[in-house]
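Visitor: I'd like to go over a predicted model; first the sequence, then the structure.
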Amino acid sequence: MYGYNSAIALKEKPIMSNTVHLAKRMGEIRPFHVMDLLARARQLEAQGRSIIHLEIGEPDFATADSIINAGHNALDNKYTHYTPSMGLPALRQTIADYYLKRYDLHIDARRIVVTPGASGALHLALAVLINPGEQVLMADPGYPCNRHFVRLLEGKALSVPVTVNTAYQLTADLLQDHWNDAVVAAMVASPSNPTGTLVSKSQMQSMVDFIDSKSAAFLVDEIYQGLVYDADDYTALSLSNNIFVINSFSKYFGMTGWRLGWLVVPEAYIDAVDRLAQNIFLAAPTLSQYAALEAFSEKTLMLLDQRRDEFKKRRDFLLPALQELGFKIPVKPEGAFYIYADCSKFTHDAYSFVYKMLEEVGVAVTPGIDFGSNRANLHVRFAYTRSIAVLEQAVDRMAKFLNKY
């Protein structure tokens, strides 16, 4: 068993080993620090401690019964063989129909690639775009896999520090300020992890226009699409046919363990993405694809929208509660299920802070260093993926913990 001090020491554990041969790139691909925190939380639970998990970005709702039943039916019918590498044709068409119904947007199903999770989609998109040494602009803070995937491909993630002034998002002006001849692509997320903020439609259009003027690629992470509360839940595909959009069945659709996502590509890239998918993963999980067909039924979508409304209620409870405790949250998150909070009133070492809070009062949250280096030691991320009753308990525990500061 290790305690708080040795848990902190995990931060310094070496990535490279002198006893095995590792590719040099592994020295720059960092772990998810929150996974060490989660491991410690599980240890405490095994000892009988009550832990409130606000660290992991996973909906607490189980996959909808209608989707589970569709998966059972696929298994009963022995649908266990490979699908085409681009995905089950019926699912690709169903996703295209979803864009038409929900966003009044015609997308050719040929442009839709079903992938093993959104990570599979991101891998495909970046791999067909980046040569060694080329750069991709992205926001800091942002989802860490984005920069790690670029490094895996021997490219360079050019992280742009973003602030409350732009709602922690890139803008066309920031792209112009940081652009150079080595940049071949830019990437944004709306809603964003970890901040829950959105890119407005007008700002997205400005970025599309700027990137088009540079003959570069634009990747838009929309994996939290559907979980938008106070704004227009649009898709960037409504603004251009020349962008890559990454989406997922994990968040709004509540299918995290099914490992399924999709990628919408410009028409000129269909063949390249198909060839790469054949070589990287052959196809997404067959049972998951058949189950996902039911995710778009009227009955299921109604349930998913009800769950979205519940997430909004949780945000509306937790946001003011955290502010009352002393956390600074200058930009209201309008989507996803995260609150990115400035904890500088209490500490300048968010990593140590979250471990101490876990050990002392049993509340687990994510340190800002998982999302970049831009004032990361002054921020923590809360995932409001628990019921309001549980969130109330978390606030009470944190109030006791913070009384010493």
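Guide: On my side now, so go ahead. Numbers count the residues shown, from 1 in each chain.
Visitor: so what's residue 264 up against?
Guide: Contacts for residue 264 were tallied using CB atoms under 8 Å, 6 or more residues apart in numbering; they are 107, 111-113, 237, 244-245, 247. To be clear about C-beta, it is placed using only N, CA and C from the backbone, and glycine gets the same treatment.
Visitor: and if we set it to 6 Å?
Guide: Shown here is residue 264, whose contacts under the criterion CB atoms under 6 Å, 6 or more residues apart in numbering are 111-112, 245.
Visitor: now swap in residue 87 and tell me
Guide: Taking CB under 6 Å, 6+ apart as the test, what residue 87 contacts is residue 114.
Visitor: and residue 121, how many residues sit next to it?
Guide: The tally of other residues near residue 121 (other CB atoms under 10 Å) stands at 30.
Visitor: hmm, it is touching residue 115, no?
Guide: Yes: in this structure, residue 121 sits in contact with residue 115. The criterion is CB atoms under 6 Å, and the distance is 4.3 Å.
Visitor: between the two, which contacts overlap?
Guide: Between them, residue 121 and residue 115 share the neighbouring residues 261, 263, with contact defined by CB under 6 Å, 6+ apart.
Visitor: ok, back up a step: tell me the one of the contacts of residue 264 nearest residue 186?
Guide: Proximity of those to residue 186 (CB to CB) peaks at residue 245, which lies at 13.6 Å.
Visitor: confidence score at that closest one?
Guide: Predicted confidence (pLDDT) at residue 245: the value is 98.
Visitor: what bridges to it?
Guide: For residue 245, the beta-bridge partners under DSSP bridges are residue 220, residue 264.
Visitor: that one and residue 189: what is the separation?
Guide: With distances taken as CB to CB, to the nearest Å, residue 245 is found 11 Å from residue 189.
Visitor: so what's residue 366 up against?
Guide: Under the criterion of CB under 6 Å, 6+ apart, the contact list for residue 366 reads 34, 55, 381.
Visitor: likewise for residue 174?
Guide: Here residue 174 is in contact with residue 160 (criterion: CB under 6 Å, 6+ apart).
Visitor: could you shift the numbering so residue one becomes 55, and keep it that way?
Guide: Shifting the count to begin at 55 puts that one at residue 228.
Visitor: please, which helix or strand holds it?
Guide: If you go by DSSP states H and E, residue 228 is part of helix 226-232.
Visitor: may I have that helix exported as CSV, CA atoms only?
Guide: Written as CSV, here are the backbone C-alpha positions of helix 226-232 (Å, rounded to 0.1, in the frame of the first residue of the first chain):
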residue,chain,number,x,y,z
ALA,A,226,-8.9,32.8,-36.3
ASP,A,227,-6.8,35.5,-34.9
LEU,A,228,-4.8,33.0,-32.7
LEU,A,229,-4.4,30.8,-35.7
GLN,A,230,-3.0,33.6,-37.8
ASP,A,231,-0.7,34.7,-34.9
HIS,A,232,0.8,31.2,-34.5
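Visitor: show me where this structure dips below the pLDDT cut-off.
Guide: Counting by pLDDT under 70, the chain contains low-confidence residues at 55-72.
Visitor: who touches the helix or strand encompassing residue 347?
Guide: Using DSSP H and E, the secondary-structure element containing residue 347 is helix 340-347. Residues outside helix 340-347 that contact it (CB under 6 Å, 6+ apart) are 121, 124-125, 128, 133, 137, 142, 145, 148, 303, 312, 314.
Visitor: coming back round to it: among the contacts of residue 420, which one lies nearest to residue 424?
Guide: Of all the contacts of residue 420, residue 88 has the smallest distance to residue 424: 5.5 Å, by CB to CB.
Visitor: now render the contacts of helix 340-347 as CSV, adding neighbour count and distance to residue 444.
Guide: Listed next are the contacts of helix 340-347 as CSV, based on neighbours: other CB atoms under 10 Å; distance: CB to CB, whole Å:
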residue, neighbour count, distance to residue 444
121, 27, 24
124, 20, 30
125, 22, 28
128, 19, 34
133, 16, 38
137, 20, 39
142, 20, 37
145, 24, 34
148, 18, 35
303, 27, 25
312, 24, 25
314, 28, 28
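Visitor: in the stretch 105-254 of the chain, which spans are helices?
Guide: For the stretch 105-254 of the chain, the helices identified by DSSP state H, counting those that start in this stretch occupy 119-130, 143-157, 171-181, 198-206, 226-232, in order along the chain.
Visitor: tell me the angle of the first one relative to helix 340-347?
Guide: So the one you mean is helix 119-130. Using axes from the mean of the first three to the mean of the last three CA atoms, to 10 degrees, the inter-axis angle of helix 119-130 relative to helix 340-347 is 140 degrees.
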